[in-house]
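*Asks:* A structural model of the following input is requested.
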Amino acid sequence: MPVSEIKPGMKGIAKTVFSGTVPEDMGFDVLGVLRNANGPKSDIILVRLTGTKPEFTGVVAGMSGSPAYIDGKLIGALAFRIGVFSKEPIAGITPIHDMLEINELDRTPSPQTGYSLPSPKTTDSEVPAKTHTSTGATGTPDFVSIAQSMTPIAAPLVFNGFSEETLKLFGPQFASAGVLPVMGVGSASDMKQPEPIEPGSSVGIVLARGDMDIAATCTVTYISPERLLACGHPIFQFGLVDMPMTKSTVLTSLASPFNAFKIATSTEIVGAFKQDRHTGIMGRFGAEAQMIPVTLTLHGGSKPKVFQYEMMNNPRLTPILVMATVFNALQALNEHGEESTYRMRGKIEVNGYPSVALQNMFAPADGGGGSTSASVALSVGEKFSRIYSNSYQAPEIKGINLDFDLVRERRWARLESARTDATEARPGEEVIIEVVLRPFRGERVMRQIPVRIPTSTPKGNLRILVSDADTLDRARRVGPAFSRKLDLSATIAGLNKERVNSRLYVSLLEAKPQAIVEDKVMPSLPLSVMNVMDGLRGTQDMIVSGESAVNEASTPLDFVVSGAQVISLRIK
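*Replies:* Here you go, the predicted structure:
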């Protein structure tokens, strides 16, 4: 039924699942039509829900997408509510014609599937074209106020197998994308659900599954032989997406004046969601979502603990999912403590490119501050963000493998002093750098690091930088350098060239300009060459520094190293 035919006072029914898998009817009275309330030429049909269930529960999170009918004709999907603490179950309906536009955007191939659907009463071709109207209850001050108070009915995003601390830390990032984070109220399984999906059924949208599950729930609005439409509003409004689509069983609907929501469990996979648009989401039956497999192995207890799960592949969400799951896995260890140190090694597999090596050590810094588990998670998430943020190729990530060794003490050390074994040297000679490090609550550690003076070093003063890894890598990650448009190959090469924070580095610095173009370092460039290359600086394709690192040495330490010092050596 087009919006132009909908008038105040009309009565209809909507279908949703309050418990189990069978949709139940609830009545509604049409209050009017809010013109342009959901954007230009996008109306909202305002209704009051009736019957015992909605009066008891109110407008329930997870109800979005519930199909609404007048005289047996589909008018749209319940999708909006009015603020919180509303005393009446007032809801807004997204017109079905706005949702059907999503089908026109879908260009994904039709999979061959043996999944059988109930015959729909209406096919896409039988639905009349969308018409926009100015009739209905619109324009009055009361309705303008209502339109400003309308918010999408939340799709509960259930974190199953996650700690409260994880949800507090990462929940706001998911909430800002428009979903309601809920911890452990619901679950996920692969069990078969014999009941068919139909309009009004609960449907699951999977972000992660396995030893940790994250899934959202909303309601099916419309079904055709190949597709379904649900929610009546976006989940994230990412446009093209690739997320597993599952059947869902509602355990119960929790009544609350502040936040009523359905407690649901996602079950067998029946396809994949391919579109996430302004007026709803679209899934294809039989399609298979391309997920990223993850294996985390944690050593430190009586036996290794292995977590296996898979995540959706999305440039905006995958880094957050990686951070949340890694943090949660580390926090779940009985061996975890405030003084814990983690040695991390692993790789990210990218189809067609070298693996991205992940190796670092994480410990609480001197003076405390911040969670070590959060530092690990942010480090891994930052690598993912850089892989996804290139402007040239969409990465196909084949998998992630991470190994962690847990040490039950704070393995952190600060560089206290550095000196050379001589005050002058000749080109080609080897000098010894003597360093002293101060660990947290431990005896000083002394190391000697040999480094050779290049034969091309001119006479005069040579600056020697003794530093941690971050000091050397920082030049690539700040200012214009970090905003450069690198292709995927250069991004991966740059990630693999980053230094390890459990080593101490010695760098010989000559007073000659050095240029970095993409992932390549060109030290000691003559001024004539710099003048030729100077045009690249305006496009941020080149980073120039006043000194060149002409040689580098390092020594391994079983500490997270912090600090930097510069010493001088006279070259004869």
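
*Asks:* can I assume A287 sits in a strand?
*Replies:* No. Read with DSSP: H, G, I helix; E, B strand; the rest coil, A287 is coil and lies in no strand.

*Asks:* Do I have it right that it meets A272?
*Replies:* Yes. A287 lies in contact with A272 (CB atoms under 8 Å); the separation is 4.0 Å. Any C-beta I mention is one placed from the backbone N, CA and C, and that applies to glycine too.

*Asks:* shared neighbours, those two?
*Replies:* M245 (CB atoms under 8 Å, 6 or more residues apart in numbering).

*Asks:* Which of the two has more residues huddled nearby?
*Replies:* A272 (25 against 22; other CB atoms under 10 Å).

*Asks:* In three-state terms, label the more buried one for me.
*Replies:* strand.

*Asks:* OK, contacts around it?
*Replies:* D242, M243, P244, M245, G283, R284, A287, E288, A289.

*Asks:* now it: how far from Q290?
*Replies:* 9 Å (CB to CB, to the nearest Å).

*Asks:* Can you work out which residues contact both of those two?
*Replies:* The contact lists of A272 and Q290 share D242, where a contact means CB under 8 Å, 6+ apart.

*Asks:* can you give me the helices for the stretch 251-400 of the chain?
*Replies:* 318-331, 372-388 (DSSP state H, counting those that start in this stretch).

*Asks:* actually the chain, not the one I wrote
*Replies:* Using DSSP state H, the helices found in the chain span residues 52-57, 96-105, 141-149, 164-175, 318-331, 372-388, 469-477, 479-482, 488-496, 527-533.

*Asks:* quick one: low-confidence ranges for the chain?
*Replies:* By pLDDT under 70, the weakly predicted segments of the chain are 53-58, 83-87, 107-148, 177-180, 183-188, 254-261, 366-370, 475-485, 512-548.

*Asks:* what residues go with each domain of it?
*Replies:* Annotated domains of the chain cover 3-108+138-150, 152-285, 292-407, 412-571 [automatic domain parsing].

*Asks:* for the first one, the distance to its chain's centre please.
*Replies:* This points to domain 3-108+138-150. Distance of domain 3-108+138-150 from its chain centroid, counting by CA atoms, centre = their mean, to the nearest Å, is 30 Å.

*Asks:* For it, measure first residue to last.
*Replies:* 19 Å (CA to CA, to the nearest Å).

*Asks:* Same question for the longest one.
*Replies:* Between the opening and closing residues of domain 412-571 we find a distance of 35 Å, counting by CA to CA.

*Asks:* go on, the shortest one?
*Replies:* From the first residue to the last, domain 292-407 extends over 29 Å; the measure is CA to CA.

*Asks:* Now do that domain: distance to the chain's middle.
*Replies:* 13 Å.

*Asks:* picking up where we left off before, deepest-packed of the domains of the chain, please.
*Replies:* Ranked by mean neighbour count under mean count of other CB atoms under 10 Å, the domains of the chain are led by domain 152-285, which reaches a mean of 22.

*Asks:* any idea how far the residue lying closest to E349 once chain neighbours are set aside lies from I348?
*Replies:* Computed as CB to CB, 6 or more residues apart in numbering, the closest residue to E349 that is not its neighbour in sequence is K398, at 4.1 Å. To I348, K398 is 9 Å away according to CB to CB.

*Asks:* looking at it, K347 is touching I397, isn't it?
*Replies:* No. Using CB under 8 Å, K347 makes no contact with I397, being 11.1 Å away.

*Asks:* Grab the nearest non-local neighbour of E165.
*Replies:* E165's closest residue in space is Q331 (CB to CB, 6+ apart), at 6.0 Å.

*Asks:* contacting residues for the one you found?
*Replies:* Applying CB under 8 Å, 6+ apart to Q331 gives the contacts S163, E165, T166, S373.

*Asks:* and the nearest residue to L358 once chain neighbours are set aside, what are its bridge partners?
*Replies:* Leaving aside its sequence neighbours, L358 sits nearest to G346 (CB to CB, 6+ apart; 4.5 Å). Per DSSP bridges, the residues bridged to G346 are L358, L402.

*Asks:* Please report how far G346 lies from T219.
*Replies:* Using CB to CB, G346 is found at 40 Å from T219.

*Asks:* thinking P304 is in contact with T297, fair?
*Replies:* Yes. Taking contacts as CB under 8 Å, P304 lies within contact range of T297: 5.5 Å.
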